[in-house]
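Asker: Quick one, structure for this:
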Amino acid sequence: MTSTAHRKEHVQQAANDLVAAFASNDTEAYFAAFSEDATFLFYTLPAPLLSRAAYREVWNGWQADGFAVLDCQSSNAHINLQGNVAIFMHDVATRVRFGTEENQFQERETIVFRHDGNRWLACHEHLSAQPD
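Answerer: Here you go, the predicted model:
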């Protein structure tokens, strides 16, 4: 049986890979980190996105309007294992560009990972603004 510490290392690596793909605008790797049935709740959008395809559509629209991630740093990570599910919470400092305007965001994020065969896939993401 795999130890708790070993499983947490795998979840941390899955989260690191997801954040790195996001930070480098690697769209294919970023979306490959999510299950097809993943859901997304972003405080910046008026409604939840109920599938990876729905998020990808929004993402493609952002990119068409000049959106790019310039930097993304994760800190204060915490992992809670619940059987074949892992809850990953962290603080996120992100710098993005929309057209010619750059913005910096300080946010908190929860990503729920589900063990799928031999890897951890994100199946839910919830992003919220960091309180002042």
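Asker: Scan this structure for its longest helix.
Answerer: Scanning the chain for the longest helix, with DSSP state H as the assignment, gives helix 4-23.
Asker: And the helix or strand just after that helix, how far out from the chain middle?
Answerer: Downstream of helix 4-23, the first helix or strand assigned by DSSP states H and E is helix 27-32. Centroid separation between helix 27-32 and its chain, computed with C-alpha atoms, centre = their mean, to the nearest Å, is 11 Å.
Asker: Outside of helix 27-32 itself, which residues are in contact with it?
Answerer: Here helix 27-32 makes contact (C-beta atoms under 8 Å, 6 or more residues apart in numbering) with 17, 18, 21, 22, 52, 55, 56, 59, 63. For every residue, glycine as well, the C-beta is placed using N, CA and C.
Asker: what stretches of this structure score poorly on pLDDT?
Answerer: Within the chain, the stretches with pLDDT under 70 are 1-2.
Asker: What is the burial count for the closest residue in space to residue 98 that isn't next to it in sequence?
Answerer: Among residues not flanking residue 98 along the chain, residue 67 sits closest, at 5.5 Å (C-beta to C-beta, 6 or more residues apart in numbering). Residue 67 has 15 neighbouring residues, counting by other C-beta atoms under 10 Å.
Asker: can you check the one 4 residues further on too?
Answerer: Taking other C-beta under 10 Å as the neighbour definition, residue 71 ends up with a count of 11.
Asker: What residues of stretch 54-65 count as buried?
Answerer: For stretch 54-65, burial by neighbour count (16 or more other C-beta atoms under 10 Å) applies to 55, 59.
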